[in-house]
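Engineer: Build me a model:
(one chain, ligands or ions: 1)
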Amino acid sequence: MSDVAVQTAPASDGSAAKVETFRNRIDGEWCHSASRPFDNLNPADTSDIVGRFQASTAEDAERAVGAAQAAFEVWKKTPISRRAAILNRAADHLDAYADRTAREMTREMGKALNLAKDEILRSVQTLRFYAVEGQSLTGEVFPNDDPDMTVYTLREPLGVVSVITPWNFPVSIPARKIAPALITGNTVVFKPSSDAPLSGYRLAEAFATAGLPKGVLNFITGGAGEVGPAITEPPVIRAISFTGSTAAGEHICRSVGFTTRTQMELGGKNPLIVMDDADLDKAVDLTVKGGLSLAGQACTGTSRVLVMKQVRAEFTERLVAKVKALKIGNGLTAGMDMGPLATAKQLETVLRYIAIGKQEATHVYGGERLTGAGYERGYYVSPAIFADVSQEMTIAREEIFGPVIAIIEVSSYADAIAKANDTEYGLSAAIVTRNPRIMHDFANDIQSGTVKINRTTTGNLVNAPFGGLKRSSTSTFRESGRTGLEFYTQIKTIYRGC
Ligand code: NAP
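Structural biologist: Reported below is the predicted structural model:
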């Protein structure tokens, strides 16, 4: 089980609140770093310290990599049914503690409790999916002219892989990387976001409780500057699965060697097209759910809405009415539609983009920092809606990663597609229409890794491939589903004679 030390810190009411210190897990041991731990704060109430975490050093990271390297030979030969059983037991553990972990996730990054619980249950499903699917990943047999020869391929694990993840889906993103890595026989170094380390800790704890041998999954927290190079640059790291900003992903890609495989899932500027035949209430609903339910902090979140001229005014009016009715508050309180932004840095960035939007477009609604009762110690902003947005504007081009909707008027389907594709990103895109011809064309015309028709830009299945085009992804290997396994294996071709 986990090994935590408990200290006290002043609570908002002046009393002493218990603060747990959480450790790294390296080579099967829960261990401290030599450095001073850092605090993980609740974005809904920054006087609430969710936990203290190890500010790991490069030496800690090197030990984690060394432990993963030492564990590899035995783990890759461990029978696959035993590897699958460990994944299933980790899933059972996550499931059993889903309520606790969901509350902790809401406390550390702000999403509504029901969304946090959904995420954990989806992660349970991911672990169980890979426990089964991983057991049927096979090679191929090739017909040939020689009756005395068999030609076939073997898939084998790569070795040590690094998993680096963001704060917005702090259990499901690591789960969909770690589970396929482990079932295929790789060993892992896992670094969660410094802004949501507790959720990642609980995932590592689930694997430890499930009986994963020492060194197979190593968990280290700490800043990217110190830990990052040590878990990405050494040639012994055979693969890096990273999800985060395009800037960080591109930096990592440039700094790693030729023999290190990379899978980078990065930023987005996701469009939703509203055609003139659309059910407008549905279009509004999809915009709000896709753009605001995580306070706009989903990589696949709707940030540009391209609306046909004929329905633009009506759509905008209905959207504003719906957004005005949203309940904004602490995700632990039942019935909240939108929580705080996840970090002080997020708050600053989002407010900066809102100020830019007010200068370059028509400000229709919201975008204020919320203060007063219930909001005084949190990073709350009301959703912002801008109209008359054009292609060259900053708010139409840059990823904001916050509750900001840019409405862009379009004159035809062709105009909508041209504008939707006029971006450096290509993660997710949606259209709302009743026209089957347009549905068909949209799937072909849009430059996006995920295409949604009459659905939100957000959300993806655990058993279907996920990833972006253009600067949203390295476009090497997709995550999720069966394709998620391929990234973690290499192919050997065998020519066997008698
Ligand atoms: P981020 O700042 O890029 O950080 C992501 C993770 O990478 C964190 O664990 C961070 O560590 C680490 N990191 C940053 N620079 C690194 C480096 N040079 N070497 C090694 N590790 C490094 O992103 P974020 O703010 O957490 O997440 C928001 C971004 O993620 C958005 O751009 C969003 O679009 C993207 N995202 C993409 C997807 C997708 O599937 N495409 C899904 C979710 C989020 P620290 O926390 O210690 O800095």
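
Engineer: Where does pLDDT dip in the stretch 151-300 of the chain?
Structural biologist: In the predicted model, the stretch 151-300 of the chain carries no residue with pLDDT under 70.

Engineer: quick one: stretch 331-344 near the ligand?
Structural biologist: No. Stretch 331-344 is not in contact with the ligand by C-beta under 6 Å from any ligand atom; minimum separation 7.9 Å. Where you see a C-beta, it was placed from the backbone N, CA and C, and this is true even at glycine.

Engineer: For that stretch, give me every contacting residue.
Structural biologist: 43-44, 46, 103, 106-107, 109-113, 115-116, 167-168, 195-196, 292-293, 295, 297, 326-330, 347, 350, 378-381, 383, 402-403 (C-beta atoms under 8 Å, 6 or more residues apart in numbering).

Engineer: again, but for stretch 126-145
Structural biologist: 80-81, 83-85, 87-88, 90-91, 94, 150-155, 172, 175-176, 179-180, 183-184, 462-463, 481-482, 484-485, 489, 491.

Engineer: Counting only helices, which of the residues you listed make the cut?
Structural biologist: Mapping those onto helices (DSSP state H) picks out 80-81, 83-85, 87-88, 90-91, 94, 172, 175-176, 179-180, 183, 484-485.

Engineer: just the buried members of those residues?
Structural biologist: With neighbours counted by 16 or more other C-beta atoms under 10 Å, these contain buried members at 83-84, 87-88, 90-91, 94, 172, 175-176, 179-180, 183, 484-485.

Engineer: near the ligand, from the contacts of stretch 331-344?
Structural biologist: Answer for those near the ligand (C-beta under 6 Å from any ligand atom): 167-168, 195.

Engineer: If we ignore the residues flanking it in sequence, what's nearest Gly223?
Structural biologist: Ser194 (5.9 Å; C-beta to C-beta, 6 or more residues apart in numbering).

Engineer: interface residues of the chain facing the ligand?
Structural biologist: Counting by C-beta under 6 Å from any ligand atom, the residues of the chain that sit close to the ligand are 164-169, 191, 193-195, 223-224, 228, 232, 243-245, 248, 251-252, 265-268, 299, 399, 401, 427, 468, 472.

Engineer: From the residues you listed, which land in helices?
Structural biologist: 224, 228, 232, 248, 251-252.

Engineer: Look up how far Val188 lies from Ile26.
Structural biologist: 12 Å (C-beta to C-beta, to the nearest Å).

Engineer: Could you do Leu485 as well?
Structural biologist: 14 Å.

Engineer: can you check Ser255 too?
Structural biologist: From Ser255 to Val188 the distance is 20 Å (C-beta to C-beta).

Engineer: Tell me which of those two has more neighbours.
Structural biologist: Val188 (28 against 12; other C-beta atoms under 10 Å).

Engineer: Correct me if wrong, but the more buried one is in a strand.
Structural biologist: Yes. Applying DSSP: H, G, I helix; E, B strand; the rest coil, one finds Val188 inside a strand.

Engineer: Walking through the stretch 201-350 of the chain, point out its strands one by one.
Structural biologist: 217-219, 237-243, 261-265, 270-274, 302-308 (DSSP state E, counting those that start in this stretch).
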